[in-house]
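Undergrad: Fold the following, please.
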Amino acid sequence: MDYLLLITDQLNKYQSLYLSRQFILAPEEIHESFRCDKYPLSNGYILYSHKNLPVTIQTNRNDFVLLLGNIFSSLDIHATNKSIIRELASYSTDELLNNKIKYYSGRYILVVKNKKEFFLLNDASAHRKAYYTTNTDKIWCASQPHILAKLLGIKISDNQEKSNFYSSKQFLDRGLCGILNDTPYDEILQLTPNKLLNLYTKKVTRFWPAEKISEKPIQSVYKESAKLLKNIINNASERFDLMLPVTAGRDSRLLLAASKGAQDKILFYTNKNNYEKQDHCDIKIPKRIFKNIESEHHIIPYDNDCPQEFEDIIKKNILFSYNKYNTLFYQVYYKKYPERLNMPGICGEITYKWANRNIKKYDGYNLAEFFHFHNNEYVANHYQIWLDEILELCNKCNIPPLTLFFWEEIISNWAIHISQMKDIAQDEFYPMNFTAFQEILFSAPIKYRDYYSNYLFKGLIKYMRPEIAGISFNPTWKFKLIILIKKLGLYSFVKKISCLFHS
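TA: Residues are numbered from 1 along each chain as shown. All right, here's what the predicted structure looks like:
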């Protein structure tokens, strides 16, 4: 009998994770059973949020600012969710969008209601997702499109091109991620980075980029960006027990360097599956790094055991899920560290991933080909819409189009999809996920932002923590060969030859 009670308790525990860290913002009462808090708002809307999702509200008569998730300040290391939204509520919409919100990192959604406006925006990479309806009298919003579809009886699109894409091998190979703001439902879209959703007019407006980013001396870039990034991590460490994954890569090394002042409050770790060898570079390199500093480094082993009930909840929570990381979620983040806030290095690549790359012609088909969607008209059409919106603005603001594409398409869809599945186990945020930091990195001369040599990140790590800067990054033969070819001044020639063989 006791055994049966134990099994029942376990099932109930997993069931309580249904829609974990998710929300529904509805213009009327709903009947969706999940472990949530209910917040009636002054304009008739109702917020339903899972109890694992932090909610902070600042009200002033009939106006309000509503924060879902956690927000961190790069200007005040003692700031809290409450103090931040109290300050943000004091600004006009133009001030908020143009000068203020860019200094805040985190994984959040901000809903603002004032005398004239009712709008929603999310963090810089849309890490906290917001999907919304386009065919209802009043907009509905939620963390996942299939939840809205269930509530409102919305059917999967019968558009053949769309259906073909969402059942294609290319979609599977891309990690089951959508395209820009698209979903399998014609009447449901997602809000993408750097945009605002007006919940009254149903219009989506881009607010960044807006101004030209001028080039700065590299030492100024180091000084300004280091200060902001350190402040974000210090602010988070004042409020949460943190953990930071360390690999052989540059992004995690940069966060490690920026964490120096808060290192006693952070668990530095590397996950190791039972089949991985001790000489894997993501284990070997961190070991070398931590010999040079006082902090402890934890190798966290995990096996392949994961309860089916746990996996079933992930499938219910996410429209498109896959099981590649389920055992990691369960064994490490759910069982060992559910209360810690994780800090991956995602968003570090934004300014350098394709900084020196171009395509022969900036149209939807070439952009689709560049991202390995060969002869895919559906994807090409969506990318053409994005290019029509952004090309002139990129030129005006001195931002390489492929770099912004990486931010708004690859980071926002592919990278963040894993975080959405991981919500069942633990929350996280990307410290580099704020616009002010990215703007400063964009101001570095382009030669410093090459993907392979990446003098920008190496210099920034050395500026903050020189004792960990000299250890190699991702020491693969491909990286070493490309760096050698660049030093010899032969990169352009080799690239042209390579293109001839692949054409």
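
Undergrad: contacts and neighbour counts: CA atoms only from here.
TA: Fine.

Undergrad: Quick check, pLDDT for the residue nearest to the spatial centre of the chain.
TA: Nearest residue to the geometric centre of the chain (CA atoms, centre = their mean): H127, 3.9 Å. Per-residue confidence (pLDDT) for H127: 96.

Undergrad: Could you do the one 3 residues further on as well?
TA: The predicted local distance difference test score for A130 is 97.

Undergrad: residue contacts, it?
TA: I109, N122, C141, A142, S143, Q144, Q190, L191 (CA atoms under 8 Å, 6 or more residues apart in numbering).

Undergrad: Also L229?
TA: Going by CA under 8 Å, 6+ apart, L229 touches S74, A258, P431, M432, F437.

Undergrad: and if we set it to 10 Å?
TA: Contact analysis of L229 by CA atoms under 10 Å, 6 or more residues apart in numbering lists 73-75, 105, 235, 254-255, 257-259, 431-434, 436-437.

Undergrad: that older thread, verify the stated contact: the residue nearest to the centre of the chain with L121.
TA: No: using CA atoms under 10 Å, H127 is not in contact with L121; the gap is 11.2 Å.

Undergrad: now the strands for the stretch 201-350 of the chain?
TA: Taking DSSP state E, counting those that start in this stretch, the strands of the stretch 201-350 of the chain run over residues 204-206, 242-245, 266-273, 297-302, 341-342.

Undergrad: Go through the contacts of A130 and name the one nearest N181.
TA: For those, the closest approach to N181 (CA to CA) belongs to Q190, at 4.7 Å.

Undergrad: The closest one - nearest residue in space that isn't next to it in sequence?
TA: For Q190, the nearest residue in space outside its immediate sequence neighbours is Y131; the separation is 4.1 Å by CA to CA, 6 or more residues apart in numbering.

Undergrad: cool, H417 as well?
TA: Among residues not flanking H417 along the chain, C177 sits closest, at 7.0 Å (CA to CA, 6+ apart).

Undergrad: Please report the distance of the one you found from K360.
TA: The gap separating C177 from K360 is 26 Å, by CA to CA, to the nearest Å.

Undergrad: In the stretch 201-350 of the chain, where is pLDDT below threshold?
TA: The stretch 201-350 of the chain contains residues with pLDDT under 70 at 276-279.

Undergrad: re the thing from before, which strand residues bridge the residue nearest to Q190?
TA: Beta-bridge partners recorded for Y131 (DSSP bridges): A142, Q190.

Undergrad: So it sits against W140, correct?
TA: Yes: between Y131 and W140 there is a contact at 8.2 Å, judged by CA under 10 Å.

Undergrad: sorry, back to before: common neighbours of H127 and L121, please.
TA: Listed as contacting both H127 and L121 by CA under 10 Å, 6+ apart are Y108, I109, T192, P193.

Undergrad: Can you select the buried ones from the residues you listed in ChimeraX?
TA: Of the shared contacts of H127 and L121, the buried ones go into a single ChimeraX selection, burial set by 16 or more other CA atoms under 10 Å:
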select :108,109,192,193
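
Undergrad: Just give me the closest of the shared contacts of H127 and L121 to N159.
TA: N159 lies nearest to T192 out of the shared contacts of H127 and L121, by CA to CA, at 22.2 Å.

Undergrad: In three-state terms, label the closest one for me.
TA: Following DSSP: H, G, I helix; E, B strand; the rest coil, the label given to T192 is coil.

Undergrad: can you pull the contacts of it?
TA: 121-127, 129-131, 180-182, 204, 206, 407-409, 412-413.

Undergrad: ok, now D241?
TA: By CA under 10 Å, 6+ apart, D241 lies in contact with K265, I266, L267, Y337, E339, R340, L341, N342.

Undergrad: what number of residues lie near the last one?
TA: It stands for N342. The local packing of N342 (other CA atoms under 10 Å) involves 23 other residues.

Undergrad: can you pull the contacts of the spatially closest residue to it that is not a sequence neighbour?
TA: For N342, ignoring the flanking residues on the chain, the nearest one in space by CA to CA, 6+ apart is E428 at 4.3 Å. By CA under 10 Å, 6+ apart, the contact set of E428 is 69-70, 106-107, 127, 242-244, 340-344, 419-420, 422.

Undergrad: Please, where are all the helices along the stretch 51-200 of the chain?
TA: 81-88, 93-95, 145-152, 160-166, 169-173 (DSSP state H, counting those that start in this stretch).

Undergrad: Kindly compare burial across the ones you listed and name the winner.
TA: Across the helices of the stretch 51-200 of the chain, the average number of neighbours (mean count of other CA atoms under 10 Å) peaks for helix 145-152, which reaches a mean of 18.

Undergrad: could you dump it to CSV, C-alpha only?
TA: C-alpha atoms of helix 145-152 as CSV (Å, rounded to 0.1, in the frame of the first residue of the first chain):
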residue,chain,number,x,y,z
PRO,A,145,0.8,28.1,-29.5
HIS,A,146,-0.8,24.7,-29.0
ILE,A,147,-2.3,25.9,-25.7
LEU,A,148,-4.0,28.9,-27.4
ALA,A,149,-5.2,26.5,-30.2
LYS,A,150,-6.7,24.2,-27.5
LEU,A,151,-8.4,27.1,-25.7
LEU,A,152,-9.8,28.7,-28.8
